[in-house]
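[1] Take a look and give me a structure for this.
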Amino acid sequence: MGVLVLNASLEPLQTVSVPHAVRMLVRNVAEIHEADADTMFGHYPLPRVVRLVRYVVMKWRYSRPPRWTRRGVLQRDGHRCAYCGRPADTIDHVVPLSRGGARTSWLNTVACCGGSARSCNARKGNRLPAEAGMQLLVTPHVPTWADLYA
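    Residues are numbered from 1 along each chain as shown. Next comes the predicted model:
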């Protein structure tokens, strides 16, 4: 469970752990914007959203797209398998690495169900989707910052 950190202008910045958010409150760097009033974490109600006291310039964030991460791919695709729509817990390279596909490209990775012999990741294996008789339900794209923090 993470705590959303908002800039002083109420734009989302990142998510942090509950202990990190409480440390921000103790240092007076942030204040509680939303909290679970029934649950306490030390002297503070359990924060869900904190807002920074001072505005942090984020010009760098908008000058380039987010860096590729596995977590980002899963968030971009809504934790749904790009082949069958079931819950996804891993990623799949559309063009396999053995065939020259890029390892860390937003355009070559999609969320995929995995972990069993009957999963889409195992079924596709080291083939292209067309060769495996599978079709992508979503088109891989480079997400915006808002896509990852929505």
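
[2] max-length strand in this protein?
    With DSSP state E applied, the strand covering the greatest number of residues in the chain is identified as strand 30-41.

[3] Only alpha carbons, please: show that one as PDB.
    Below are the C-alpha coordinates for strand 30-41, written out as PDB (Å, rounded to 0.1, in the frame of the first residue of the first chain):
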ATOM      1  CA  ALA A  30       4.300  17.600   3.800                       C
ATOM      2  CA  GLU A  31       0.900  17.700   5.400                       C
ATOM      3  CA  ILE A  32      -2.000  15.200   5.300                       C
ATOM      4  CA  HIS A  33      -4.400  15.800   2.500                       C
ATOM      5  CA  GLU A  34      -6.400  12.500   2.900                       C
ATOM      6  CA  ALA A  35      -6.100  10.000   5.700                       C
ATOM      7  CA  ASP A  36      -7.800   6.900   7.200                       C
ATOM      8  CA  ALA A  37      -9.000   8.500  10.500                       C
ATOM      9  CA  ASP A  38      -9.700   5.100  12.100                       C
ATOM     10  CA  THR A  39      -6.200   3.800  11.900                       C
ATOM     11  CA  MET A  40      -3.200   5.500  13.500                       C
ATOM     12  CA  PHE A  41       0.400   5.300  12.600                       C
END
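
[4] strand partners of that strand, parallel vs antiparallel please.
    strand 44-52 (antiparallel) (DSSP bridges).

[5] Quick one: mean pLDDT for the partner strand?
    Strand 44-52 shows an average pLDDT of 95 in the prediction.

[6] Name the residues that touch it?
    Contacting residues not belonging to strand 44-52 are listed as 3-8, 10, 13, 18, 21-22, 24-25, 29-41 [Cβ atoms under 8 Å, 6 or more residues apart in numbering]. Where you see a C-beta, it was placed from the backbone N, CA and C, and this is true even at glycine.

[7] which of the residues in that strand are buried?
    Within strand 44-52, the residues that qualify as buried are 44, 46-52, counting by 16 or more other Cβ atoms under 10 Å.
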